[in-house]
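Novice: Below are the sequence and a predicted model for it; my questions follow.
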Amino acid sequence: MLGHRTLTLDDFASIARRRMWLLLLPSLIVPIIAYMVSLKLPARYTSETLVLVEQQRVPDNIVKPVISQELMGRLATLQQQVLSRSRLEPVIEKFGLYKDDRAKASMEDLLDRMRKDLVVTPLRDAGGANPNERVPGFTIKFSASDPKVAQQVCSLVTSMFIEENLKLREQRAESTTDFLSKQLDESKRKLDELDAALAKFKSAQAGKLPGQEQTNLSLLGGFTTQLDSVNQALSRTQQEKTFVESTLVQQIAAWQQNSVSETTDIQKIQDQLRASRAVLNSAESRYTPNHPDVLKAKDEVASLQRKYDEAIKASEKPKADVKRASNLEPPEVQKLRTQLKGYEISINQLTNEQKRLQGLVQRFQGQLQLAPAVEEQFKNLTRDYQTALQFYNDLLSKKSLASMATDLERRQQGEQFRVMDAANLPEKPSWPNRPLIALAGFAGGIAIGLGLALLFEAKDQSLRTESDILTLLKIPILAQVPIAGKPGYVSFWNRTPRPKQTKRELQDTHV
């Protein structure tokens with residue numbers, strides 16, 4: 001009786017002795033049945049091929065491959081391409097796979113079945129602990145009911161993997177090269193624009209660029225020194241001219257003293273004219289234009305103006321006569337006039353030189369003042385240009401490497417799949433594994449036997465030990481009356497099994 005108390009090892013041994021046939025019969029019958037069923041299952045043959053990854057023949061430090069994806073990722077991509085419907089349906093039609101199921105299954109179901117029969121397993125190094133390390137190769141297995149068909153399909157699928165790998169590598173190499181070419185053209189266009197902008201800026205800001213400050217300071221110092229020299233020379237020349245002019249006036253006055261005399265006191269008339277104009281301005285500010293005082297002041301100004309003009313004409317007449325008679329001037333006067341003419345020419349030249357030097361000084365001073373702002377703009381342009389130039393050089397280097405890698409792939413000198421072990425012709429079926437099925441049937445028979453034994457024990461209400469009695473009745477034993485004369489009697493303390501007694505009989509005996 002199970003479930004009323006905790007069982008010991010002796011209890012389990014007793015149950016095993018009582019239910020021995022329930023344990024043995026299923027463990028013998030079920031394996032035989034499983035083996036007989038396995039004989040009826042259709043045989044499946046598995047062909048296997050080993051593909052190794054052969055590294056590119058040119059060292060990586062010379063030509064870097066453009067495909068950096070690990071084999072695990074590429075295998076997933078290749079597997080999706082090879083196991084597509086467009087690739088597998090012709091294989092099913094060519095080899096007549098799954099003929100028995102074509103009438104009751106759709107093509108999608110057949111494709112799913114073939115994908116399950118086709119197994120791609122990556123290989124790993126024996127001592128490799130890192131799952132992301134480089135995979136040295138992979139195996140391809142295909143199962144079919146005909147061993148020859150399994151071998152042919154496995155070989156064909158292997159060739160598909162090799163073909164797709166070559167095509168994939170070449171396409172990616174060409175795509176990388178085309179992308180870098182477009183990026184290089186765009187980078188070159190931007191670099192040319194920045195180069196033109198930098199050249200235009202240098203041309204517009206010539207003399208203000210960084211590194212020219214010392215030159216500008218030197219030139220400014222030189223031009224300042226030259227300007228000082230010119231100013232001194234101009235001042236000295238003007239003084240000498242003034243002295244010659246005064247000497248010439250004295251010589252001319254002495255020469256013309258007896259022949260020319262002044263008839264009008266020009267300065268006196270000029271003073272009177274200024275005073276009359278002041279009176280006129282005062283009258284106009286106080287009265288109207290027709291006022292008698294205003295008209296009187298205007299008449300007086302007009303009269304003095306006529307006298308002044310006549311005096312000027314009278315004073316200029318002897319000078320004109322002197323010019324007409326210049327050939328008759330004394331040598332001293334002619335010499336002074338020549339000197340005066342030379343001084344005038346020198347003054348004109350020095351004045352022009354002074355203006356030129358002043359312009360240069362102002363120009364270089366302005367350049368020095370604008371140098372910080374120009375330097376900031378120049379740095380921004382130069383930084384952008386250097387960045388674009390470095391990016392262009394990097395792209396140019398990458399494009400060259402990508403072109404070499406593409407050429408390497410076209411020559412099939414890059415990483416390739418090489419068949420190490422061709423698809424074998426299986427001699428024994430991989431399914432069903434009849435010994436394994438029989439062993440599984442044996443394990444199943446034991447499980448069934450244990451289940452039956454536990455079921456019968458659970459339904460059995462017999463009490464066989466003192467522990468069963470104590471657990472069931474839950475009252476202490478006051479006395480023990482042995483049953484004498486009955487066959488099969490054993491002592492209460494003997495562990496040998498007694499005859500079966502029902503719960504009612506045990507209760508009556510204790511009572």
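Specialist: Cool, got the structure.

Novice: Under the pLDDT cut-off, which ranges of the stretch 151-300 of the chain? List them.
Specialist: The stretch 151-300 of the chain contains residues with pLDDT under 70 at 206-212, 255-266, 285, 287.

Novice: try it again with 50
Specialist: Along the stretch 151-300 of the chain, the model assigns pLDDT under 50 to residues 258-264.

Novice: I'd like to know which elements the strand or helix carrying residue 436 is packed against.
Specialist: According to DSSP states H and E, residue 436 maps onto helix 434-459. When contacts are defined as 3 or more C-beta pairs under 8 Å, 6 or more residues apart in numbering; DSSP states H and E, helix 434-459 sits against helix 9-18, helix 20-40. For glycine as for every other residue, the C-beta is placed from the backbone atoms N, C-alpha and C.

Novice: Now tabulate the ones you listed in JSON lines and tack on mean pLDDT and distance to residue 247.
Specialist: Formatted as JSON lines, the helices and strands packed on helix 434-459 follow (pLDDT from 0 to 100; distance: least, C-beta to C-beta, whole Å):
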{"stretch": "helix 9-18", "mean pLDDT": "79", "distance to residue 247": "155"}
{"stretch": "helix 20-40", "mean pLDDT": "83", "distance to residue 247": "147"}
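
Novice: tell me the most buried of the ones you listed?
Specialist: helix 20-40 (a mean of 15; mean count of other C-beta atoms under 10 Å).

Novice: Extract the CA atoms of it and return them as PDB.
Specialist: C-alpha atoms of helix 20-40 as PDB (Å, rounded to 0.1, in the frame of the first residue of the first chain):
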ATOM      1  CA  MET A  20       9.300  -8.900 -10.900                       C
ATOM      2  CA  TRP A  21       7.300 -10.000 -13.900                       C
ATOM      3  CA  LEU A  22       5.700  -6.700 -14.400                       C
ATOM      4  CA  LEU A  23       9.200  -5.200 -14.700                       C
ATOM      5  CA  LEU A  24      10.800  -7.900 -16.900                       C
ATOM      6  CA  LEU A  25       8.000  -8.500 -19.500                       C
ATOM      7  CA  PRO A  26       7.800  -4.800 -20.800                       C
ATOM      8  CA  SER A  27      11.600  -4.500 -20.900                       C
ATOM      9  CA  LEU A  28      11.700  -7.600 -23.100                       C
ATOM     10  CA  ILE A  29       8.700  -7.100 -25.300                       C
ATOM     11  CA  VAL A  30       9.000  -3.300 -26.000                       C
ATOM     12  CA  PRO A  31      12.600  -3.500 -27.500                       C
ATOM     13  CA  ILE A  32      11.500  -6.300 -29.800                       C
ATOM     14  CA  ILE A  33       8.500  -4.300 -30.900                       C
ATOM     15  CA  ALA A  34      10.600  -1.200 -31.500                       C
ATOM     16  CA  TYR A  35      13.200  -3.100 -33.500                       C
ATOM     17  CA  MET A  36      10.500  -4.700 -35.600                       C
ATOM     18  CA  VAL A  37       9.000  -1.300 -36.200                       C
ATOM     19  CA  SER A  38      12.400   0.100 -37.200                       C
ATOM     20  CA  LEU A  39      12.600  -2.600 -39.900                       C
ATOM     21  CA  LYS A  40       9.600  -1.100 -41.500                       C
END
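
Novice: and the next element down the chain from it?
Specialist: For helix 20-40, the following helix or strand on the C-terminal side (DSSP H and E) is strand 45-54.

Novice: Show me which positions of that next one end up buried.
Specialist: For strand 45-54, a neighbour-count test (16 or more other C-beta atoms under 10 Å) marks 45, 46, 47, 48, 49, 50, 51, 53 as buried.
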